[in-house]
Structures are given as C-alpha cells and as structure tokens.
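**Student:** Model the following, please.
(chains A and B)
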2 protein chains.
Amino acid sequence: MPNENDTTCRVRFEPSGLGTDVPVGTTLLDAAQRAGLYLTSLCGGDGVCGKCKVVVSAGNVDAPPSALLCEEEVRSGTVLACQARVRSDVTVALPRSHTLDTSRIVVHAEAHGSESASAEGGYPLNPLVRRLHLALAAPTMQDQLADHERLGLAVRDQVDARCLQTGLGLLQQLPARLQASDYDVTALVAQRGPVAEVLDVEPGDTSASHYAIVVDLGTTTVVGHLVDLTTATTLDAEAAYNSQMHFGDDYIRRIMYAEEHDAFGEMQRRAVADINGLIEALADRHAIDPARIALVVCAGNTAMIHFLLGLDARRIRRSPYVPAAAHVPPVRAADLGLRIHENGLLYCLPAVGAYVGADIVAGVLATKLHEAHALNLFIDIGTNGEVVLAGDEWMMGASSSAGPAFEGSGIRHGMRAGPGAIERVAAAGAGQLAWRTVGDEPPRGLCGSGLLDALAAMLQAGVIDRTGRFANPDDTRIAEGPDGLEFTIVAAEANRNAIVMTQADVANLIRSKAGVYAAVEILMRMTGTDANALEAVYVAGGFGRHLDVASAVTIGLLPDLPAERIHFVGNTSVAGAKMAAMSCRAFAQANEIADRMTYVDLMNHPDYMDAFMQANFLPHTDIARFPSVPERLAAARAGNP
Amino acid sequence: MPNENDTTCRVRFEPSGLGTDVPVGTTLLDAAQRAGLYLTSLCGGDGVCGKCKVVVSAGNVDAPPSALLCEEEVRSGTVLACQARVRSDVTVALPRSHTLDTSRIVVHAEAHGSESASAEGGYPLNPLVRRLHLALAAPTMQDQLADHERLGLAVRDQVDARCLQTGLGLLQQLPARLQASDYDVTALVAQRGPVAEVLDVEPGDTSASHYAIVVDLGTTTVVGHLVDLTTATTLDAEAAYNSQMHFGDDYIRRIMYAEEHDAFGEMQRRAVADINGLIEALADRHAIDPARIALVVCAGNTAMIHFLLGLDARRIRRSPYVPAAAHVPPVRAADLGLRIHENGLLYCLPAVGAYVGADIVAGVLATKLHEAHALNLFIDIGTNGEVVLAGDEWMMGASSSAGPAFEGSGIRHGMRAGPGAIERVAAAGAGQLAWRTVGDEPPRGLCGSGLLDALAAMLQAGVIDRTGRFANPDDTRIAEGPDGLEFTIVAAEANRNAIVMTQADVANLIRSKAGVYAAVEILMRMTGTDANALEAVYVAGGFGRHLDVASAVTIGLLPDLPAERIHFVGNTSVAGAKMAAMSCRAFAQANEIADRMTYVDLMNHPDYMDAFMQANFLPHTDIARFPSVPERLAAARAGNP
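**Tutor:** Numbers count the residues shown, from 1 in each chain, chains lettered A, B, ... in the order given. The predicted structure is shown next:
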C-alpha cells in the first residue's frame, strides 16, 4: 500500500520492469535516469519540449498541467516525466517512442559481410595497431644482442618507424616473456607517424586473432563496428542511443548542463559506458575475448570527443570557440575505462575546429573529397549540419546553424526512426498525401526522411506556399492548435492523437534546410564556384539512404543537380574511422585533411545572414537556381507526382 | 643491564651513535644494515674477505676464531661483523675504514666552476629536456586554433621534431592553464629522436631556472653533478658510495645475492635512494626547488642501469650474457621514485652489451674516440676494467677479467682512497720505499694509486722480480704471514698493525693489470694495429689524476708510450652523460656509439688466455714491448728513481 508519508518511493518502469527507489518529490525523469533508462528530453527538463511523456499506470505523482498534453493523454495518465514528481510508489509505462530501437540507426551499408576498406579506399592494409608474429632467434654466445634490441630489430623489419618506443613496464617483463616462449612471440605494435610503440608481447603466434572496434560517437547515436584487422573485414555492427541525451539533445545544451552541474565527469562516464556497451555486445556475439581487441578508433564531433577524453569543452560554446585539442594523441584505452586489451589504444580522428569535428574529417576521408581534382560537396546532416566544399588542392568546411530539426527536435510530432515512424510521405494527387511507416505499424510520428518528404509533399500538394505558410485557409485539414495553425497528416483516431505539422514545425524545418543551403552558398561564393560545376554531392548522416533526392531538391536542401550526381553515403564518420583503423596512411591522411581544411565561421560571415534569408523559401527566393522544381510542382498539382 | 635471555638486543654503532634492535643471534653486519650503515664486505658475509672488521666495545657476541684477525685485534675486541652474532645489547665501534669518506671520489675535474660542455664537446646546447617560454597569442575569432595545436606550433618553432606528443593528463588541464596565464607559459619539452614530448606547461616565464642532475651510477661510487641547463654550467658535484655494496663489491655478486634473496627490488630502491640523496644534497646546497630539475641523465655499467630501472639482470651473469635492454627509453623519474619535477624524465645512456655498459659509451663520447681518424685507446679502470680501441670508422670494446684489485678488493691492506690511505709509493734508492698518505695522516692501508705505485716501486727496489715473486729471501722486511710471505711497507707500531703486501696481493695486482693489458693486446691483434701507432691513450676511472704514468708503464698496465700521449681523464662516465644531457645531438651520438661498437668477448677468444699469461710478468714476458722500463729499473737500482 503506497504511503505518501514514506520518504522513499519505488518507481517501476514498464515494459522493461526496471525499477529504482527515490526520495519522494523526485521527478520521473530523474528516476528513469537512476534506473538506467534514457528518456527523450530536448529541453533538459524545462517542461517545454513535450518529448518526455510517460504514462503513470499506478501510484500518485504531482504533475502541473501542460498545454503539451491533449485531453486523451491527461485521461490516460500521461504526464511530462520532467515535471511529474513522485508522491508514492508508482508504476510508469514508457511509450514505445522511448524504447531504444536501434534497428534504424544507420550503421553504414557495408557494415555486414565481407568488405575490404583498404582495397576500397586504396590504402594498403596496415592497421594503427598490428599483431606481429616474431619467431626470434634465441641469443647465443655468437649473438648476444639484448632482448629489447632483438625485439626492436624484428619489429622494424615489418614496421616502418624512425623511433621505437617500449614502456618500462613491458621492458621489465620482456626477458621472462621471451624466454618462457623460446623467443617465439607476437608483438602488439602501435604506430603513430614516425613512432612505433610496442604495447605488449605475448607468447606464441596470436597474430590470427586481431580485432578493432570502430566508433562513430554521435550526439544522438553511437555506432560501433567490429573489424577483423587480419582480413580487413567488418564482422558486425551495433548501435545505441547516446546516453548523454538525458542532458540535452544537442551538445551545446550538454556542455551547459555539464557546466551548471559539474557533470563533465558524468558525460565522460556515459560516453565510455556507451562504447563499452557496444564492445561487449559485439564481442559477445562473436565470442571474441576483449583482450583480442587492441584498438578502438573513434570519430565524432568535437564536443563528443572532448567529453570522451575528459577534455575541457567549455569554450566550444563560448567565443572565440576554441577546442582544447584538434588532434589528440592515442590514449591507453584502459586509462579511460574502455574494456579491451589492457594495453590497447584509443585513437580519435582529428578535428578541424570546434564546429567541424572528427566526424567530418572522417567523412572527407571516406568520400575521398581531399583527393578529387574537381569540385565536390560533402553535406553531413545529423544533429548538426556540416558542409565541406572541396576543389583541386583546397577544402573549406563550415557548420550550419541548422539544428536537429530533421532529427525531430523542435518538431511537434518529430521522432527518431523506429516502429511507427512515418518515413516516407508523397503527394498523392488532388492535394492528398500518402505515407508509409517503419514496419508498417500504426503511425506515431515523423522521422527525418518523413519530415523532409512531408515538407516537399505539402508544397507539391499546395498545402503550403513557397514561404512555408499554409496556403489555403479553407483546407479542412488545417486547424488552430496550441502553437497556432497545424496541418493534419494523419487524423486522430479513438486511441491516438492526430499527427500534425504545425506552422512552427514547417518554419523550423525550412530554417534547418536554409542553414545548410546557405552554408553551401557561402562556400561557393567564397571560392567563386558554381553548383552546376559540382562533380558530386555526398550526403552523409542519419538520413542515410532513406532520403528522397527529389524531395531534398524540391525543398531546396540540396542543389538542383541530376540525381546521378547526388550520393547518399550513410554514416561516413564510421566509414572514415574504419579506413583510418585499417591503414596508418589513411590516418595520416585524416591528419592532413584536418590541417588543410579551412574553417569558415558562418556566424561572422557578412553575407551569411542574407544567404540564409534567401534560402528561407521553398526551394529558394531565387527560383532560377532550381529549374527542375517548378516543373515538378506543376506536375504534382496536375496529379502526376 | 644486558640480559642474554632477552630475545631482542640493542646494537649501537660508534662513532655515529646509530642503533637498532635486533633478535639475538643476528650478525653485526645485518644489524649495521638495519641501522642504515654500509660496512665494507667483499665476500657477501662468508667470513673470508676480512673487510668487515669492527670492534665490540661493550656487550657480548659469539664470534668464531678467524685467521684474518691478528692477536692485537683479538685482544682489542675486533671481530668480523659478518660472523659475530649478538648475544646481548652491544656497542660496536666502526674503524675509520668503514666511514664513508667521499672526499676522494673522483667527480670529474671540471665539476666545480664554470664550464661549457657543449662548447667543449662541440655540440650545440640543446638539452634533452628544454624549458621554452612561449608568449602565445590568445585565440580570437580570427584565430580559432585549438589550444593543443597553438602550443604545438609554438613548440615546433623552437624544437625540431617530426612528431609532438602530449599526455592526456596535460591535455585535460591545458585550456585552464593557458587561460589562467593569458597564454604566456613555459613548456617543458623532452626530445627523443624525432619525437618531442610536452611534459608540462607552467604559467609565465620560468625558463631561466632549469637544471639537470647527471649521474654516474658506479658499482662502488655514485657521483652526481648539478648542471644549469640555461648556461651549460656545472654548479656542483656530490658523491656517495653505492649503498648496494653491502650485497657484494662487484655487480656479479650483487646479482647473485638478489637472485638468492629475491632482492632485485631492494637493489632498485637503493639505487634510487642513492641518487635521491645526491639530488637532495645538491638542490639543498644551491637552494634549488627540485621541481626546477626536470632531467636526470644517468650512465653506469649495464648491471647498475638494470638495477636502477628494475630490469631483469639475471642473464648478465649467465651464458649467453644478454641484457634485457641496451637502449632504454626515457622513463618518468617519478615512476621510479626519483624526486625531481613530477613529470621530469630519466634518460639512461645506452650500453653495448652486458659487459660494456653506458659508462663506457659515455667515456667514448667524452673522449671523442668515435670521431678520431687515428688509432685511439680508452681504458676505464674501475671496479671492472673495460677497454675500447677505436680506429677510423670502427670501434671495438671488451671487458677484462681484471677484477677490482686496484680498488683494494682481495688485497690484504687495500682500502678506498680516504684519510690515511697510502696514495703514493716510490723507490727511494738503496732498496728503500718512500710513501705518502691522503691528508698526511697515519697510514692505514693502500688505495688504488698507492697499490700501483707500490708494485712499481717494489720492482724498482728489487723487492720483487719480474714474475712478482719476492726476490731476496734475506730481505728482513719479508716474513711469513697467515697467507704466506708478506713484505712490510709500513712497520707495525704499538697501536697499529704493519701494512704489508703479501705474495698473494702482488699476484692479484699483476693478474689485474695483465687482464687489462691482454684486453688491449687482443683488440690490437684483431685489428692488426700496433701500440706505437696509438695517437692517444685515455685512462678513465677511479684512479683519476692520482695515477703515476711511469708506475703504470713500469708494471705493464699501460703501453710504453711517451707520457704526452697518455691522458688521465677522470670520470668520463659523468662527463659523457653530461654532454648528452646538454645536447640531443650528443645523446644521439651515444646511441650511435653503442650501436657501432663491436663487442669482443675475451673469455671466448682463443688467444686471450695466452696474451693474459704473457702479461703476467712485470711489465711483460716480452720486455721488448716496454723499452723504457729496463732503463728505469736500472736507474732506480742505481739510486736515481
């Protein structure tokens, strides 16, 4: 029998059954965190984003009224977890939107099955950490070379290094290890530029069992690939949501949170725990002893890498926006708590700056933008939107002010890709829209590709005009909602609310796409280049291959180019990190990319605001830039989408 | 009142007054060790060397009779500390020979006062660890370079390095440190080949205060120099006896002891404590904060370096005589317990092999043997005797079987240089000998230079013949002693024993010099060279500048060359280590010397035993090799020494 005078309450979460004891008055959001559950929360607990809805099925909570809850929700016991404080033992049901369904995280198309990144990338297979079987000659009176030098000579036979390093700890154990195995050993050797470090010496030949974990540490998702370094094969991939999400959906919010709550250590612990979770899952699935994994290579934006390494991230959000480090040295994985070989290393790819991170450098490496002799464009649309324009001998990178609208942030019914997410929307003629959900389940919201499609389809169907405003006040699908006008994409039914796009949602999405387009525009202007001259446009990020090119061009996200010049390349962060893991030369290229790329600070560029305002139309104020769009709109309105 | 039934006894040592409580039955040698006193002991406690004599002035001990004690000694309560077991509280007086008088340790003639090793050695001043004052530009919106890269660029401006390393710990603190000092900092940068490592970043300009400790870690003595790295000036020197001496006078015995007693850790602790003692004394004397010392550079034989670093030294005494490492990486000094700057480094000079160590490499560096284009010879006579013969483009090194006879080991009245040690002996005509002691104090024994002089003077005075045998049985100074015939150098007086040279002592000294000469001989034969072609002979080691060239030639220790070609160069181990400390290029040269030098294993050389036997004469079987000696002998016997 719940007793409101108890100071401790039991909170149980369904369907997982996870529970925790918390003091009376604790918010359900905090309780969930203690139970190890990560509820979606964009606003960091301010009660304004409405993403953290849960249903209290038993027990009492204090929850202030909120305009973000519809009547049906209030009736069913739905509350905002960040606002509801426990008064008694409670049972809380998490809607499916909170379930960590990672099945739709883009883990790179080549993740499963055989693949040779080195052959693909043109780099020789020469991993950052190698396992070298060394059948050394045992010393004799005719060959009295010291153990360290004996090992060193054999390593240098196989590794091109000007300088060989061996830690004192290993040197102290070396003679015993060499003698115990009759000088037949396997050396674990890490390379960094001209330096090779002997990490460990194991008895016998263990060179056939040599793995790496390659990680894209994203703001929203963490993706890990298990790579067999002996064959350059990706064995498997695993993904999880970034468990820092509880502290804010974007990294600026997380830095603010960490500053306010002295929580940089917590951010680091979560990053490490997330990666450990992937390592454990991947190693378990393939029955690989984690000690056989001696290398983790990680890409991610600059804030994520700073969190992971415990570097000071404060100035990433403060002028003059300076990271602690762009290039970071390899770090002993165990020093961070990563559970691989005890002497294994973590290499992070280098960043260009605070807002163009290692994920973008990895993307350039993966798409070989730095090697192209023609004009190429790389766009990464994730939680942030970064753009790289590359010509012969030059590269410029910028981060747009896009914001994560295409990830559903700030969008009333935005959600991550998962069962029930509307992933495709199309104008079906006569002003009607057709849609399809992930898993063909009942619709619950719109994921990124669905939002993009919806915007294009609403334009094509005449629901909105080129400014994004609802065009026809007589359209019965448009009604006044709590945030102003909203357009119903899926009508309400007995047991669920309608799925709508509000006027504010549309404006948000347009701002997001305008940010990306304006970034491209400025880089083009600065370099005196023209979109038509683009040999290729690479679109990377969470959209992956689900994105519809025509929709992206229709709304003016991408330049109006023939479809064959636009390539959806998926998670290039993990792809580039994997190339670096497999090849020292590729890692060196990443360093060169980071050094060579010129960072353009759009916020301080005199023309950016103008370009951004011009792009705040569908597809653009200057329709002449999008010659294919008027035709397409006309065709759609004529019933031929 | 001492009580023999007590299980614990108090042992008090005079004149220091140091004391300790030990179980009844403990030897006085062990008790002294517990009290922190290091008694001379060659045999490791077997009761056969007679070096550990002490006087029991109160209380009871069980001490078996020993032929090593004369009647007077027995009467005065003298016992062998290693054999005497305490039965009650006792007071023990240590003879002055046990007092650690370091005043005579050769610490390198240039130790005190101004000096520029770099100018001297021809190497540019570019220490292994540098303090670089960096007035960095603070970042602005126009200059958003990350802190790590900002620092790195400034470091590379001043340091020639292909690869820059910074530890994660420092990176984590870097932004705060740079901001706190307005980007005006001093970086502590260590160099190792193509790699530079930023060890620390301090606020403001601390570059003017930058010191190193340079150490010769000898088997018998540990010498430390305090060097001002900003001016390449040696400020001071300090010496101590190696406190491992308790475990054996030579390193082979110490390795045996460590194996038997699992005492490698103890050996390391003592080496570290000895060096810390020197650091503390030097820093105190100059009121230098140890944190301003960021570099220790150490030379020493291979066993000593292994002990210091905790490397496995077992096979140094076992076929095939392989060290754990010849080149050792720089080690964080704090990891070993050395009390300098918390991130400061210890660099050890490289060795050639188990028996030609870093001290010899340092000696070659100091004497520039590796750069000479003519034939040069380097002889280091210390606890061991090492020889390097160098020609144009080649170097050969060998270790003789000399043994530490010239350090007094195995010599009845041998002692270390200290007050009362006979340091010079000369034939005074008419078969008489004249002598002089250190400090003109009453004679107590013979130190190295005295032993060498005595041998020459005894030959010149006709006391011994060229085989080393006592020549005239009628000489009243020759009598039968416990070890056979002995020659009285200083007659007994009421309160002291006579000082004698026994037939065995003479044989020991001849064997020692023969070992060195035979080593030179073999290297000459192997290279087809001749002593007369020697441009210079450098004699390094404990003898220092006290050695008499004529005596050394007379007994056949050194080739018979004009005196101007023979140079006594003192402690070249510390001199070479100092050059390396002050110049990366000199350190690189040391590595090259170690790699280039060919080690000759004399024990397995077919001609060595023959050469050794031939050298077992005074000066040599083949007198034609020493043309100046017959003249000198004739002159001496004619009364004109």
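**Student:** Where does the residue lying closest to A:Leu68 once chain neighbours are set aside sit: helix, strand or coil?
**Tutor:** Excluding the flanking residues, the one nearest A:Leu68 by CB to CB, 6 or more residues apart in numbering or on different chains is A:Gly50, at 3.5 Å. Just so you know, the C-beta spots here come from the backbone N, C-alpha and C atoms, and that holds for glycine as well. Put simply, A:Gly50 is coil when judged by DSSP: H, G, I helix; E, B strand; the rest coil.
**Student:** Just the pLDDT for A:Gly50.
**Tutor:** You'll see A:Gly50 listed with a pLDDT of 72.
**Student:** Provide a list of residues in contact with it.
**Tutor:** Going by CB atoms under 8 Å, 6 or more residues apart in numbering or on different chains, A:Gly50 touches A:Ser66, A:Leu68, A:Leu69, A:Leu80, A:Arg412.
**Student:** who wins for most neighbours among those residues?
**Tutor:** For the contacts of A:Gly50, the largest number of neighbours (other CB atoms under 10 Å in any protein chain shown) sits with A:Leu80, at 26 neighbours.
**Student:** In this model A:Leu69 seems to touch it, though I could be wrong.
**Tutor:** Yes. A:Leu80 lies in contact with A:Leu69 (CB atoms under 8 Å); the separation is 7.3 Å.
**Student:** List the residues that are in contact with both of these two.
**Tutor:** In terms of CB under 8 Å, 6+ apart, A:Leu80 and A:Leu69 are both contacted by the residues A:Gly50, A:Lys53.
**Student:** Whatever residue of the stretch 401-550 of chain A ends up closest to chain B: which element?
**Tutor:** Using CB to the nearest CB, the single residue of the stretch 401-550 of chain A nearest to chain B is A:Met526, 15.5 Å away. A:Met526 belongs to helix A:503-527 when assigned by DSSP states H and E.
**Student:** can you give me the strands for the stretch 201-350 of chain A?
**Tutor:** Using DSSP state E, counting those that start in this stretch, the strands found in the stretch 201-350 of chain A span residues A:211-217, A:221-228, A:233-241, A:293-300, A:331-332, A:345-348.
**Student:** which helices and strands sit right next to the fourth one?
**Tutor:** I take that to be strand A:293-300. Secondary-structure packing of strand A:293-300 (3 or more CB pairs under 8 Å, 6 or more residues apart in numbering or on different chains; DSSP states H and E): strand A:129-135, strand A:211-217, helix A:264-285, helix A:302-309, strand A:345-348, helix A:358-367, helix A:572-582.
**Student:** out of those, nearest to B:Leu217?
**Tutor:** strand A:129-135 (31.8 Å; CB to CB).
**Student:** Pairing partners for that closest one, with directions?
**Tutor:** Strand pairing for strand A:129-135, determined by DSSP bridges: strand A:184-192 (antiparallel).
**Student:** if you average pLDDT over stretch A:185-200, what comes out?
**Tutor:** Stretch A:185-200 carries an average pLDDT of 95.
**Student:** same question, stretch A:256-274
**Tutor:** Rounded mean pLDDT across stretch A:256-274 is 96.
**Student:** and the end-to-end length of it?
**Tutor:** In stretch A:256-274, first residue to last residue: 21 Å (CA to CA, to the nearest Å).
**Student:** Name the residues of the stretch 451-600 of chain A found near chain B, please.
**Tutor:** A:Tyr599 (CB under 8 Å from any CB of the partner chain).
**Student:** Thought A:Glu407 was touching A:Gly448, still the case?
**Tutor:** Yes. With contact defined as CB under 8 Å, A:Gly448 counts as touching A:Glu407 (5.9 Å).
**Student:** one step back: need the least confident one among the strands of the stretch 201-350 of chain A, by mean pLDDT.
**Tutor:** strand A:233-241 - the lowest mean pLDDT of those, at a mean of 90.
**Student:** strand partners of it, parallel vs antiparallel please.
**Tutor:** Listed by DSSP bridges, the sheet partners of strand A:233-241 and their directions read strand A:221-228 (antiparallel).
**Student:** any idea of the angle the partner strand forms with strand A:211-217?
**Tutor:** Relative orientation of strand A:221-228 versus strand A:211-217 (axes from the mean of the first three to the mean of the last three CA atoms, to 10 degrees): 160 degrees.
**Student:** Just the buried positions in stretch A:580-590, please.
**Tutor:** Neighbour-count burial for stretch A:580-590, with 16 or more other CB atoms under 10 Å in any protein chain shown as criterion, is recorded at A:Ala580, A:Ala581, A:Met582, A:Ser583, A:Cys584, A:Arg585, A:Ala586, A:Phe587, A:Gln589, A:Ala590.
**Student:** Over to stretch A:530-541?
**Tutor:** Across stretch A:530-541, burial judged by 16+ other CB under 10 Å covers A:Ala531, A:Leu534, A:Ala536, A:Val537, A:Tyr538, A:Val539, A:Ala540, A:Gly541.
**Student:** With respect to A:Ala421, which of those residues is nearest?
**Tutor:** A:Ala421 lies nearest to A:Gly541 out of those, by CB to CB, at 16.3 Å.
**Student:** Pretty sure A:Asn384 is one of the things the closest one touches, is it not?
**Tutor:** No. If you go by CB under 8 Å, A:Gly541 and A:Asn384 don't touch, sitting 9.4 Å apart.
**Student:** State which one residue of the stretch 301-450 of chain A is found closest to chain B.
**Tutor:** Counting by CB to the nearest CB, the stretch 301-450 of chain A gets nearest chain B through A:Ala325, at 3.4 Å.
**Student:** which ones are touching that residue?
**Tutor:** By CB under 8 Å, 6+ apart, A:Ala325 lies in contact with A:Leu311, B:Ala146, B:Asp147, B:His148, B:Glu149, B:Thr166, B:Leu171, B:Leu174.
**Student:** Same check on A:Thr488?
**Tutor:** A:Arg477, A:Ile478, A:Ala479, A:Ala498, A:Ile499, A:Val500.
**Student:** Let's see which of these end up in helices.
**Tutor:** With DSSP state H as the criterion, helices contain none of the contacts of A:Thr488.
**Student:** burial of the residue nearest to the residue of the stretch 301-450 of chain A closest to chain B when sequence neighbours are not counted, as a residue count?
**Tutor:** Closest residue to A:Ala325 in three dimensions, ignoring its sequence neighbours and counting by CB to CB, 6+ apart: B:His148, at 3.4 Å. Residues near B:His148, counting by other CB under 10 Å, number 24.
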